[in-house]
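J.: need a 3D model of the following:
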Amino acid sequence: MFLWGLVACLIVMAAIRLAPSDPNRWHVAPVGDTDRDMPGGVFRVIEGEPDSFERLHEIVTDTPRTYVLAGSVREGMVTYITRSKAFGFPDYTTIQQDGEILRINGRLRFGRRDFGVNRNRVDGWLTRLQF
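T.: Below you'll find the model as predicted:
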């Protein structure tokens, strides 16, 4: 019985790690004008400076286990994937520049709650951006 449980756990973990990330589903423009915390993510709107997106991009891509799924700073919108250390759960964060406004939407893929993980990550990036 233990062996079957272990096999099932390994299959689920592999499915999570190997699940494809479709840019058409995740690389979508964040919509909204007010900050909000949600059970499965976070939405932030900040007024930046002309180089804020480039600096934030450097901060985000310097984060462990984070890489670009789609887009570019030059295009004005980037979607990143950040994977959890232990199980490799993917979280998706899209940042869009609209003039000097940056809209940031961080959300989970699997489950219903992220227990503040996306909020803490995004707010940490924004704190680093201010300094």
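
J.: where exactly do the strands run in this protein?
T.: 36-38, 41-47, 66-72, 77-83, 90-98, 101-108 (DSSP state E).

J.: tell me what V45 is bridged to.
T.: With DSSP bridges as the criterion, V45 is bridged to R103.

J.: so it touches N105, yeah?
T.: No. Using Cβ atoms under 8 Å, V45 and N105 do not qualify as a contacting pair, with a distance of 9.9 Å. The C-beta positions use only the backbone N, C-alpha and C, and glycine is treated the same way.

J.: please give me every residue in contact with F89.
T.: Applying Cβ atoms under 8 Å, 6 or more residues apart in numbering, we find F89 in contact with I16, R83, L108, R109, F110, G111.

J.: how about the residue nearest to the second one when sequence neighbours are not counted, phi and psi?
T.: Translated: R83. Distances taken as Cβ to Cβ, 6 or more residues apart in numbering put R65 closest to R83, at 4.5 Å, once the chain neighbours are dropped. When quoted as degrees, to the nearest 10, the phi and psi of R65 stand at phi 60, psi 30.

J.: in this protein, which residue is most central in space?
T.: T93 (2.5 Å; Cα atoms, centre = their mean).

J.: and P50, how far from F131?
T.: Look at P50 and F131: by Cβ to Cβ, to the nearest Å, they are 18 Å apart.

J.: quick one: which of these two has more around it?
T.: Comparing P50 with F131 by other Cβ atoms under 10 Å, the one with more neighbours is P50, at 9 against 4.
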